[in-house]
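[1] Test case, fold it:
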Amino acid sequence: MNIKQKTSEFLHSHAARDLGIAVVALIVLYFLFDLLVMPLYTRKYQSVQVPTVTNLSYSAAEKILADAGLHAVKGAEKYDEAFPAGFVLFQNPEAGSAVKKGRRVYLTVGKGERLFPMPRLIGMAERDVKFALADLNLVLGEIVYKTDPFYPEGVISGQAIEPGMEVAVGQRVDLVVSSGLEPFDYIVPELVGKSLNDALLEVEESGLTLGDIQEQETDKVLPNTVISQSLAAGVQAARGDTLSILVSKLPRSQAQEQEQ
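    Next up is the predicted model:
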């Protein structure tokens, strides 16, 4: 065998060995890729179903999404009186959607009721206030009419909720409306012939001060009926003037008979 033949055989034997090593290396790499790399790849990018997290607090929703392999992201915030502040109103993607693990889920979080400062209503006309409350989605409550030394008739002179206080949509607002300037003189009411209870109410509403209540025995009218008054009915009197009344009661003899 000459040198050329020996050299050729040597090269062929080394080439076959290198080819065998390469084949074995490829087989090993294939199994490593199939057994290690592919499972990691498929687990990382496998699809998961988005859970429902609406109507939950943001912290609870964040935990549920994290357990599912998803990432919660706080998005917009909205006022909504139906839910407490900090609760999830909407989610994107929607619940039940199939997404890749690690996907971001954007959550719209509620801010609770929309609060705003109560406006000043005092000094406004009653008609204008009704429209103003309607525009603010506030509810007109009880209206009390009272005389006022500063505001003319039909103008708001008081409000139950002070200006600047925080109120929510739908809140009730009670008002005081001026019925005009307080009069300097009052007309004495007619009390004769009325029951004691009715007379007391009329004296209170008239702006006068109730004085003495004396009794007189008589059987001509029912007991506790006003039979006279210290100020004549229909005359003018100043605020605080005293008005005393005389009230009927049964004669002693008749009272004793009724007791027997």
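[2] only C-alpha atoms for contact and neighbour calcs from this point on.
    Noted.
[3] tell me the domain ranges of this structure?
    As assigned by automatic domain parsing, the chain contains the domains 1-44, 50-110, 117-178, 185-259.
[4] now those domains as JSON lines including mean pLDDT and mean neighbour count?
    Output for the domains of the chain, formatted as JSON lines (pLDDT from 0 to 100; neighbours: other Cα atoms under 10 Å):
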{"stretch": "domain 1-44", "mean pLDDT": "57", "mean neighbour count": "11"}
{"stretch": "domain 50-110", "mean pLDDT": "91", "mean neighbour count": "18"}
{"stretch": "domain 117-178", "mean pLDDT": "92", "mean neighbour count": "16"}
{"stretch": "domain 185-259", "mean pLDDT": "88", "mean neighbour count": "16"}
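[5] show me where this protein has helices.
    3-32, 38-44, 58-67, 126-135, 196-206, 252-259 (DSSP state H).
[6] Alpha carbons only: can I get the fifth one in CSV?
    What follows is the C-alpha trace of helix 196-206 in CSV, where atoms were taken according to Å, rounded to 0.1, in the frame of the first residue of the first chain:
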residue,chain,number,x,y,z
LEU,A,196,-108.8,77.2,74.9
ASN,A,197,-106.5,75.1,72.7
ASP,A,198,-107.5,76.9,69.5
ALA,A,199,-107.1,80.3,71.2
LEU,A,200,-103.5,79.4,72.4
LEU,A,201,-102.5,78.5,68.8
GLU,A,202,-103.9,81.7,67.4
VAL,A,203,-102.1,83.8,70.0
GLU,A,204,-98.8,82.0,69.2
GLU,A,205,-99.3,82.6,65.4
SER,A,206,-100.3,86.2,65.9
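[7] same for that helix, what does it pack against?
    Applying 3 or more Cα pairs under 8 Å, 6 or more residues apart in numbering; DSSP states H and E, one finds that helix 196-206 contacts strand 209-217.
[8] how close does residue 128 sit to residue 172?
    17 Å (Cα to Cα, to the nearest Å).
[9] Residue 131 now?
    14 Å.
[10] And residue 208, by the same measure?
    35 Å.
[11] Return the residues in contact with the residue nearest to residue 139 when sequence neighbours are not counted.
    In space, and not counting its chain neighbours, residue 139 is closest to residue 172: 4.6 Å by Cα to Cα, 6 or more residues apart in numbering. Residues near residue 172 by Cα atoms under 8 Å, 6 or more residues apart in numbering: 138-141.
[12] Residue 143 too?
    Contacts of residue 143 (Cα under 8 Å, 6+ apart): 174-177.
[13] Same check on residue 92?
    Counting by Cα under 8 Å, 6+ apart, residue 92 makes contact with 105-107.
[14] Please produce TSV containing the contacts of residue 143, extended by distance to residue 233.
    Supplementary listing: the contacts of residue 143 in TSV, determined by distance: Cα to Cα, whole Å:
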residue	distance to residue 233
174	36
175	34
176	31
177	30
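[15] Which pair in those has the greatest spatial separation?
    Maximum pairwise distance among the contacts of residue 143 (Cα to Cα): 10.0 Å, between 174 and 177.
[16] Which phi and psi values does the spatially closest residue to residue 129 that is not a sequence neighbour adopt?
    Leaving aside its sequence neighbours, residue 129 sits nearest to residue 121 (Cα to Cα, 6+ apart; 6.7 Å). Taking degrees, to the nearest 10, you get phi -100, psi -20 for the backbone angles of residue 121.
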